[in-house]
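Student: Need coordinates for the below:
(3 chains)
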Amino acid sequence: MIGNLPFVVCMILVALGLWTLMTRRNLIKLAIGIVLIENGVNLFLVSLGYVRGGVAPIYTYAPQGVPVNVPMAMPTPQALTLTSIVIGVATTALLLAFAVLIHRQRGTLDAGRIRELRG
Amino acid sequence: MSVVVRTVTRLLLPAVVMFGAYVVMHGHLTPGGGFQGGAVIASAVALVVVAFGARRIRRHKETLSVLEDVGALAFVVLAFLGIGGTFFYNSLAGTGGLFGQEVAMGANPGALNTGGMLPLMNWAVGLKVLAGLGSIVLLMGLLGGDDDR
Amino acid sequence: MSLAMHVPILAIAVPLLGAFALPLMAKVHHRLRDLWALVVGAFTVAMIVTLAVQVFTVGVQVYTLGADTPDATLGPQGFPIRITLVADAMGAFMALISALLGGAALIYALGFLEESKGKTLSMSLFLLLWAGMLGLKLTGDMFNFFVFLELTSVAACGLIGYRAWESRPPEAAFKTLVMFILGGLMVLLAVAILYGEYGALNMAFLSAQIGGSLLDRVALGLLLGGLLMKAGAVPMHMWAPDAYGEADANTAIVLVANTQAGLYALFRVVFTLYGGAATPEVGYLVTTLGALTVLVAVLMAVVQTNLGRLVAYGAISQIGYMLLAAGVGLVTLGVGPEFGRVALQGGVFHMFNDAACIGLLFLCVGAVRRAAGSGDLRSLGGLAHTEKWTSGFFLLGALALAGIPPLNGFASKLMIYQSVFQLSPILTALAVLASILLLAVFVRAFQGAFLGPRQSMSGAPLSPAMLAGMAVLAVVVIAFGLVPDLVVRHLVAPAAEALWTGRDVYLAAVLGG
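Tutor: Model prediction:
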């Protein structure tokens, strides 16, 4: 059970993000909600790769000789998390840029008051 | 910003850029790499924007966007160089030439001259990221300022 | 060693290269940039066509990135390592669709976009989006699936909102981006769950492992939700009319291709990835959502006063038809009655037809906006006097979309009606009704915008490049309507077969024997 605790934390983060998305109308807060979900998912990915007692997955540090049974942490989830963080940076920047543009044009960040597009 | 911030920024700037360059260059040996190092260097841009204002360096916007294109282009071209085998094939690794040194086994600090295409790709990514994140920070700074539209 | 071996990656890498080099070209001269875009576009289309020929004549193409040879997919223990690209008939078929729409959009954009209004940016983002779509259609592992999905999201939203000097595009882009990111994160979570469960990302390997456990079903739910968001199916369609309505015409048709890429991703997931653990419930769900999408979108189209948004709802309703057909195929998958196969063929064929006629309609909307300065149906009128080509193309597209014989929309819709009837006559009645309603909507729009007394024009005339872009799609609309049986036999049937029974072939091609 205790081993699943990281996953629970991730899901709490995701739930908080969804809560933010559903209850807030400020565009910046919407972006924060998105980032919360993103971080929850990223943490989930990283915690998947954890191996109890494992060593860092570096090729040259691989234990040599007879006792080859020392496990390595899985490198793939780490690479995936990194990629997804990079993508997250791009999407967040784009999201915030649009928020800034909207604010400059309408003078407000309230999603309820900037709806020109309806129906 | 106050003179304290400006002075500290002046002092820190070379160190930040140096550290970022180190992370990029040792990307194939130590944790980190193109993206992380590039992000560190871009934080230097953020420092400048905070301390001196985005307008001071707005003329570099074009330079940054060109650098970003060059970085991205270099990455794709490097990937194309492997097309003798497959796309992304590491044709430099283990050849003995540039970045072609054999990798020593066991716990060792690693040699810079290994990794084949990987260091080159790290540089390309580092360039792309520092320019990309740098322009994002710069543009946000320019957009946020109420004067000088 | 020939270039032909590398066709799958070239189709993705060349537009990527083009996208990054384009701004540098523009620094030299804008004519060089246009030439470069044309060269890159022509090369990409050529690569896609070559790939399609290879796939349709030889079989599934597998390409491994970073390996010694392109076919070295498997690691030492028969475990797939590295990033793979897999092109089966369905993937190649979808790539052909994006080749058609991308090519038409590129030609049209050269005449449509204005130099002072971010032409370089728009064309660069377009090439990026094109590369992302092609990647999504050809990738063979789940993680790059996510990466390409996000690449299309970012590029598409950039394209929607880049006109920062207007007030509505950023709003539409923000809305769309929130939906796309949410969808992308759902997909990522599903990928993470699948990785945690099976320790692999290769689609074929995963497909061989997935047995329908609880976690599998959670992942399937997340994937379905995320991809339906991307495809713009009701009830996740809120972004679509804004995005289509506010984007430039050339962007709108690439967005259509992008939506279809989302739909293709959905098909890939339910038919290939979960093909071994298929349950009819998912099929019923997809069918219901499809019917709902058709109905809601057509009803919304009735009340629109803006030509762009009207066509946008038409586009959403067509997504519903495809979902309807795919759902019927999914319900019967593994059981194997003939109408399931026909339904899939109809759905797949309709994707191509929808791309051609909706694309044509969007390009006409762009031409109307340019000629009259607005897309508001309440002020438009009498455009047929001056814009003869545009009005002709609009009528052609509208009739084809509504499924009037002998145009292409009729052929595919008939297949969908026939097969859906076998599952539920009510759904067919509903689909036919929606189709008739859609025809009425478009006739009204045509009458409102093009007929009536001549009005004074404020905008610019049609440029030759725009006409050429529209003509490409119009030719496809007419040609596919004249010889539907040929198209179905040689293109559509293999593609539908790849979903219907092709999972084993797909798995064998990647995992070996």
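
Student: which residue sits closest to residue 56, ignoring its sequence neighbours?
Tutor: Unless you meant another one, I'm taking chain A. Excluding the flanking residues, the one nearest A:A56 by CB to CB, 6 or more residues apart in numbering or on different chains is A:A73, at 6.5 Å. C-beta: built from backbone N, CA, C; applies to glycine.

Student: Can you look at chain C instead?
Tutor: Counting by CB to CB, 6+ apart, C:P494 is the residue found nearest to C:F56 once chain neighbours are left out, at 5.9 Å.

Student: What pLDDT is listed against the one you found?
Tutor: In this model, C:P494 is scored at 91, pLDDT.

Student: returning to what we had before: so the residue nearest to A:A56 sits right up against A:G54, yeah?
Tutor: Yes: A:A73 sits in contact with A:G54 when judged by CB atoms under 8 Å, with a separation of 4.3 Å.

Student: Neighbour count for these two, which is higher?
Tutor: A:A73 (16 against 13; other CB atoms under 10 Å in any protein chain shown).

Student: Quick one: neighbours of the nearest residue in space to B:V137 that is not next to it in sequence, just the number.
Tutor: Distances taken as CB to CB, 6+ apart put B:A46 closest to B:V137, at 4.7 Å, once the chain neighbours are dropped. When neighbours are defined as other CB under 10 Å, B:A46 has 18 of them.

Student: Quick check: B:A46 touching B:I136?
Tutor: No: look at B:A46 against B:I136 with CB under 8 Å: they stay out of range, at 9.5 Å.

Student: Leaving out the residues flanking it, which one is nearest to C:F410?
Tutor: The shortest distance from C:F410 to any non-neighbouring residue, by CB to CB, 6+ apart, is to C:G403 (4.7 Å).

Student: residue contacts, that neighbour?
Tutor: Applying CB atoms under 8 Å, 6 or more residues apart in numbering or on different chains, one finds that C:G403 lies in contact with C:G409, C:F410, C:K413, C:L414, C:S435, C:L439.

Student: 6 Å instead?
Tutor: Contact partners of C:G403, counting by CB atoms under 6 Å, 6 or more residues apart in numbering or on different chains, are C:G409, C:F410, C:K413, C:S435.

Student: just checking, what packs against the helix or strand hosting the residue nearest to C:F56?
Tutor: Per DSSP states H and E: C:P494 is located in helix C:493-500. Counting contacts by 3 or more CB pairs under 6 Å, 6 or more residues apart in numbering or on different chains; DSSP states H and E, helix C:493-500 packs against helix C:89-112, helix C:338-372.

Student: Would you mind measuring from the residue nearest to C:F410 to chain B?
Tutor: C:G403 is 42 Å from chain B, where distance means CB to the nearest CB, to the nearest Å.

Student: Low-confidence ranges, chain B, go.
Tutor: Under the criterion pLDDT under 70, the flagged ranges of chain B are B:105-107, B:144-149.

Student: most centrally placed residue in it?
Tutor: The centroid of chain B falls nearest to B:G126 when counting by CA atoms, centre = their mean (2.5 Å).

Student: quick one, longest helix in chain A?
Tutor: Looking across chain A with DSSP state H, the single longest helix is helix A:75-106.

Student: thinking in terms of the whole chain, how far from its middle is it?
Tutor: The chain centroid and the centroid of helix A:75-106 are separated by 10 Å, computed with CA atoms, centre = their mean, to the nearest Å.

Student: Output the contacting helices and strands for that helix.
Tutor: Packing partners of helix A:75-106 (3+ CB pairs under 6 Å, 6+ apart): helix A:27-48, helix C:142-161, helix C:168-198.

Student: Those into CSV, with extra columns for mean neighbour count?
Tutor: Putting the helices and strands packed on helix A:75-106 into CSV (neighbours: other CB atoms under 10 Å in any protein chain shown) gives the following:
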stretch, mean neighbour count
helix A:27-48, 21
helix C:142-161, 25
helix C:168-198, 24
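
Student: Make JSON lines out of those helices and add mean pLDDT.
Tutor: Conversion of the helices and strands packed on helix A:75-106 to JSON lines gives the following (pLDDT from 0 to 100):
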{"stretch": "helix A:27-48", "mean pLDDT": "93"}
{"stretch": "helix C:142-161", "mean pLDDT": "92"}
{"stretch": "helix C:168-198", "mean pLDDT": "92"}
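
Student: Of all the ones you listed, which one is nearest C:L383?
Tutor: Nearest of the helices and strands packed on helix A:75-106 to C:L383, taken as CB to CB: helix C:168-198 at 22.8 Å.

Student: ok and that closest one relative to helix A:75-106, angle-wise?
Tutor: Orientation check (axes from the mean of the first three to the mean of the last three CA atoms, to 10 degrees): helix C:168-198 against helix A:75-106 gives 160 degrees.

Student: Tell me the secondary structure at the closest residue to B:V50 other than its chain neighbours.
Tutor: Nearest residue to B:V50, sequence neighbours excluded (CB to CB, 6+ apart): B:M1, at 6.6 Å. Under DSSP: H, G, I helix; E, B strand; the rest coil, B:M1 falls in the coil class.
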